[in-house]
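Asks: sequence? don't have it. structure:
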């Protein structure tokens, strides 16, 4: 059996399931563009992440998040993964 470094903690888990998400928009200075953010609630609140996104990315991400049955987030790489399927399914 392989040795697993101990202890395994919440901080050592690098890929987590997205359970909830919320887009926000913060106004910029007068005459300047605002800023969109995406808050991700992961593993039933065990971890949260906030990422800054463009308006175009927010639109695409909204569609992907709404349409995917399961979504995962890799904390270290800051990567959302959609439509996870078992090997051999296609």
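Replies: That came through, no problem. Nothing here was measured: the structure is a model prediction, and the numbers come from that model. Numbers count the residues shown, from 1 in each chain.

Asks: Look up how far residue 46 lies from the most centrally placed residue in the chain.
Replies: Geometric centre of the chain, nearest residue: residue 73, 4.4 Å, by CA atoms, centre = their mean. Distance, residue 73 to residue 46, using CB to CB, to the nearest Å: 12 Å. Where you see a C-beta, it was placed from the backbone N, CA and C, and this is true even at glycine.

Asks: And for residue 80?
Replies: In terms of CB to CB, residue 80 sits 17 Å off from residue 46.

Asks: Quick one: the helices in this protein, in order.
Replies: When assigned using DSSP state H, the helices of the chain occupy the ranges 55-67.

Asks: on that earlier part again, who does the residue nearest to the centre of the chain form a beta bridge with?
Replies: Following DSSP bridges, residue 73 is listed with bridge partners residue 16, residue 80.

Asks: Run a quick check on it versus residue 15, I expect a contact.
Replies: Yes: counting by CB atoms under 8 Å, residue 15 is a contact partner of residue 73 at 7.1 Å.

Asks: overlap in contacts of the two?
Replies: Here residue 73 and residue 15 have residue 81 as joint contacts, going by CB atoms under 8 Å, 6 or more residues apart in numbering.

Asks: Show me the shaky parts of this protein.
Replies: 4-13, 90 (pLDDT under 70).

Asks: at 90 instead, please
Replies: Where the chain drops to pLDDT under 90, the residues are 1-14, 33, 83-90.

Asks: which residues does the residue lying closest to residue 68 once chain neighbours are set aside contact?
Replies: Nearest residue to residue 68 in three dimensions, chain neighbours excluded: residue 82, at 4.3 Å (CB to CB, 6 or more residues apart in numbering). Residues near residue 82 by CB under 8 Å, 6+ apart: 64-65, 67-68, 71.
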